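K.L.:
After the sequence you'll find the predicted model.
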Amino acid sequence: MINFFRAVVDIVTPPKCLACRGDVLAGASLCTACWQKLTYLEDPVCDALGIPFAYDEGEGALSAAALADPPPWDRGRAAVLFDDAAKGLVHSLKYRDVTEAGLFMARMMARAGRDLLANADVVMPVPLHRSRLWKRRFNQAAFLAKPLAAACGKAMATDILLRQRATPQQVGLNAEARRKNVRKAFMVPFEKSGLISGKTIVLVDDVRTTGATLAACVVALKKAGAAQVFVLTFALVKEPHRMHIDA
Ligand SMILES: [Zn+2]
């Protein structure tokens, strides 16, 4: 019966690729070209940055980039590299409210971050400021965090880490400007710190560009007593200084 209704729906609104809006055979999927374009970040990867290694360096191995400039988080993973196909999915969720795109992304993140999620106590999205939430109607990070928390049977918390001021958009800013922009933007209210003290947290967002926003969140969570913070994003910008970023 469900297949019948699906077929009727598909005739009325032919299924579109979640990334490029081109034609696909079945709904809630990608076209062959977009599938082939995505670069999956599969093991072995750097334990902190999630960037792939050419050879297996063993569990917990760190890349030269992570050793040279260690991020404040303990472990990091992303499902794919940020490229045109990944950007299509991110924009489908962020600007067109295509919920199938979000569920599709979350499934890929659950796979890439399975080890992080298995070892976490709580899953948290990077928060949006209330004023921005109002304008855009929903927080894409929270949308992704919800099915991830459900998939691993962990709690999701949206009221512990707060954005205390609306920061200008990060789009178009370089690494240093991004760091300044989000410094001290996040906080954990004193009365909530007991809820995360000694806990391991998976912090979720759609894209890690320079990592400035995630880093500011991690600093706030650790200041409030979190034992470990892992970061899990759908996409990762490998060389933010070389790319024109409009995520
Ligand atoms: Zn496509």
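P.N.:
Looks like it arrived, so ask away.
K.L.:
ok, which residues in this protein are in contact with the ion?
P.N.:
Within reach of the ion by CB under 5 Å from the ion, the chain has these residues: 17, 19-20, 22, 31, 34. Any C-beta I mention is one placed from the backbone N, CA and C, and that applies to glycine too.
K.L.:
which regions of this protein sit below the pLDDT cut-off?
P.N.:
By pLDDT under 70, the weakly predicted segments of the chain are 1-12, 129-137, 166-171, 240-247.
K.L.:
Quickly list the domain ranges of it.
P.N.:
Per automatic domain parsing, the domain ranges recorded for the chain read 1-37, 43-236.
K.L.:
Only the buried subset of the residues of the chain next to the ion, as a PyMOL command please.
P.N.:
Of these, the buried ones go into a single PyMOL selection, burial set by 16 or more other CB atoms under 10 Å:
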select buried, resi 17+19+20+31+34
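K.L.:
want to throw the residues of the chain next to the ion into CSV with distance to K94 and secondary structure?
P.N.:
Below are the residues of the chain next to the ion laid out as CSV (distance: CB to CB, whole Å; DSSP: H, G, I helix; E, B strand; the rest coil):
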residue, distance to K94, secondary structure
C17, 17, coil
A19, 13, coil
C20, 15, coil
G22, 19, coil
C31, 20, coil
C34, 17, helix
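K.L.:
Where does E59 sit: helix, strand or coil?
P.N.:
coil (DSSP: H, G, I helix; E, B strand; the rest coil).
K.L.:
That one - how many residues pack around it?
P.N.:
9 (other CB atoms under 10 Å).
K.L.:
go on, V122?
P.N.:
Residues contacting V122 under the criterion other CB under 10 Å number 18.
K.L.:
Who is it paired with across the strands?
P.N.:
As for beta bridges, V122 partners with A155, I201 under DSSP bridges.
K.L.:
can you offset everything so residue one is 41?
P.N.:
Sure, I'll start numbering at 41, so the last one becomes V162.
K.L.:
Report the contact partners of it.
P.N.:
Contact analysis of V162 by CB atoms under 8 Å, 6 or more residues apart in numbering lists 189, 194-197, 236, 239-242.
K.L.:
Let me have these in JSON lines, adding neighbour count as columns.
P.N.:
Output for the contacts of V162, formatted as JSON lines (neighbours: other CB atoms under 10 Å):
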{"residue": "A189", "neighbour count": "22"}
{"residue": "K194", "neighbour count": "18"}
{"residue": "A195", "neighbour count": "12"}
{"residue": "M196", "neighbour count": "17"}
{"residue": "A197", "neighbour count": "19"}
{"residue": "I236", "neighbour count": "23"}
{"residue": "K239", "neighbour count": "19"}
{"residue": "T240", "neighbour count": "18"}
{"residue": "I241", "neighbour count": "28"}
{"residue": "V242", "neighbour count": "30"}
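K.L.:
residues touching the nearest residue to A66 once chain neighbours are set aside, list them.
P.N.:
Spatial nearest neighbour of A66, chain neighbours left out: P55 (6.0 Å); criterion: CB to CB, 6 or more residues apart in numbering. For P55, the contact set (CB under 8 Å, 6+ apart) comprises 63-69.
K.L.:
Thanks a lot, see you next time.
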